[in-house]
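Q: Sequence plus the predicted model coming up.
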Amino acid sequence: MKIAIVSQLYKPFFKGGAEISSEFLARGLRSAGHEVLVISSAVGGAKPGVDEVDGVPVHRLRTGLPYDVMSSGPKPKWAKAVWHAIDIWNPTVFGAVKKLLVAERPDVLHTNVIVGLSTSVWTAARAAGVPVVHTLRDYYLLCVRSLLCKADGRICRQLCGPCQFFSACQRPRSKGVGAVVGISRFVLEKHREMGFFRDAPGHVIHNAVLGESVAPRTKPPGEPLEMLFMGTVEPYKGVDVVLNALAQSSSLPVRLHICGGGAGLKSLQERWAGDARVIFEGVVQGDRKRALIAGADVMVVPSVWFEPFGRTVIEGYQQGLAVVGSRIGGIPELIEDGVTGRLFEPGDSRQLRGVLEELVAQPDRLAAMKQAAAAKAQSFSLAKHAQEYLAVYKTL
C-alpha cells in the first residue's frame, strides 16, 4: 500500500507531540513493508521541494502565508488577519497537493495537523480521486488557536465569533473525509458534537512510543520523590497547579524538574528562584532528557485545557514512571487511577498535594504503580499502532 501522510511540520521541524506522532507513524508503516511519502510545509528556512528523511521522501510545500508557524516574535495585526484568511482555504496548497497526488497516486491520503495547509488538502484529494483518513490531534477545525482555551488557560465552553465563523467554513468539507481517527475518544466526540465527520466511520487509535519499556527505578529510602513536568510552559499546561501544591506544604519531600520553554517560563523562574525543590531544566533533548527520566519516579501532566492525549503520559510509562494527571480531555483514558498512576481534578492544587503526600507516604504502592506503568507501555507499541491504521486504510 502507498500512503501519503500530511503533517503541518515534519522532522527536523517540530513544536509538539503531533509532529513526533506523524514521524513515528511513517516509521511504523515503512517497517510493516508499505511505501510512505510525506507532505509538509516549507518552514524554518527550508526550501520548497523534496528531501529525504530516514528513507521517506518529504515534499515541503510553499504555502503563500505571510509567515510560517516556526517564526517567533510578535506579528503585525494585518499579517495575522491575512494568515487566518488564507488558512480558511489555501489555494496555493490546493494546487500543489492536487498536482502531487495525481503524480504519485497514493492509495490513501492521511492528514494530521493541517494548520497553515488548511482543509484545501481534502478538496485536492477529492479532485485527485484519493480517499482521505484524518487524525484529530488538536482542535484546529473548531478553534483558530487549535486549543479551545484562552491565553490564560481558561477553557472555551462556547466558540467565540471568529472561531464560529472558521468552524462553519470547515464543517462542510469534513464530509469529504472517508474515515476519522481520534487520538482519544474525547477529541473524537468533541468534534462530533460540533457537527464534524458525522457520516464518516470513527476510530480511536492512541499514539505510539518507540522502543521497549525499561525497568522502573527503585527509589532509595529517604530521598525526595523525583517528579518531572515535560511540555510547554504555558498557563493551559497547568504548571502553576503543581507549584501551588508544593507551596501548600513546604516540608513535602518532592523535587520537581520543569522541562520545557514558553512564554510563562521567565515569570515562574523569578517566583520560585528561592525554592530548591523546583528546578528549571529548560528544553531538554537527547542524553539529558534520558538522564532526567531515568532518575525520576513520577511524570506529572497537570493540564487545565482539553488535552487531546498527553504524549508525556505514555513516554512516562515506557520509562517506568507512575503518571499523575488531571482528569480532563483524553488524559483519563490513559491513566488507570490507582494502578498506573493517579488522577486529580484539573486546577485543584489541594487535591494534587494530597496525591503527592500519598505517594511519598506509601513507597510500596508507588513501586507497584511504576511496575504497572512499564507493563502498560506495551499497549502503545509502534507495530500495533501501524497495524491499527492499516486496518482503517483498508476500509477505504
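A: Right, received. Where do you want to start?

Q: how about the helix or strand hosting A103: buried residues?
A: Following DSSP states H and E, one finds A103 within helix 91-104. Neighbour counts over helix 91-104 (16 or more other Cβ atoms under 10 Å) mark 92-94, 96-98, 100-101, 104 as buried. C-beta coordinates here come from the backbone N, C-alpha and C atoms, glycine included.

Q: Pull the contacting residues for the closest residue to S326 other than its chain neighbours.
A: Leaving aside its sequence neighbours, S326 sits nearest to P346 (Cβ to Cβ, 6 or more residues apart in numbering; 4.0 Å). Counting by Cβ atoms under 8 Å, 6 or more residues apart in numbering, P346 makes contact with 238, 241, 302-304, 326-328.

Q: Go through those and flag which are in strands.
A: Assignment to strands by DSSP state E places the following of the contacts of P346 there: S326.

Q: export the contacts of P346 to CSV and tack on distance to R255 and pLDDT?
A: Formatted as CSV, the contacts of P346 follow (distance: Cβ to Cβ, whole Å; pLDDT from 0 to 100):
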residue, distance to R255, pLDDT
G238, 18, 95
V241, 17, 96
P302, 16, 97
S303, 21, 96
V304, 23, 95
S326, 21, 98
R327, 25, 98
I328, 25, 97
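
Q: so what does the helix holding A103 touch, helix or strand wise?
A: In this structure, helix 91-104 makes packing contacts with strand 2-6, strand 35-41, strand 56-61, helix 120-128, judged by 3 or more Cβ pairs under 8 Å, 6 or more residues apart in numbering; DSSP states H and E.

Q: Show me this structure divided up by domain.
A: 2-208+381-394, 225-379 (automatic domain parsing).

Q: closest one to A215 among those?
A: domain 225-379 (6.0 Å; Cβ to Cβ).

Q: Grab the most central residue of this protein for me.
A: Residue closest to the mean C-alpha point of the chain, counted by Cα atoms, centre = their mean, is G17 at 3.8 Å.

Q: so who does I155 touch?
A: 148-149, 304-306.

Q: Adding distance to V187, write the residues you listed out as a markdown table.
A: Converted to a markdown table, the contacts of I155 look like this (distance: Cβ to Cβ, whole Å):
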| residue | distance to V187 |
| --- | --- |
| L148 | 10 |
| C149 | 14 |
| V304 | 16 |
| W305 | 12 |
| F306 | 8 |
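
Q: Let me have those in a markdown table, adding neighbour count as columns.
A: Putting those into a markdown table (neighbours: other Cβ atoms under 10 Å) gives the following:
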| residue | neighbour count |
| --- | --- |
| L148 | 21 |
| C149 | 20 |
| V304 | 23 |
| W305 | 23 |
| F306 | 22 |
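
Q: Please identify which two of those residues are farthest apart in space.
A: L148 and V304 (11.7 Å).

Q: mind checking which of the domains of the chain is nearest V214?
A: Comparing those by Cβ to Cβ, domain 225-379 comes nearest, at 5.4 Å.

Q: host element of the residue lying closest to R171 once chain neighbours are set aside?
A: Distances taken as Cβ to Cβ, 6+ apart place G195 nearest to R171, at 5.4 Å, with adjacent residues excluded. Using DSSP H and E, G195 sits in no helix or strand.
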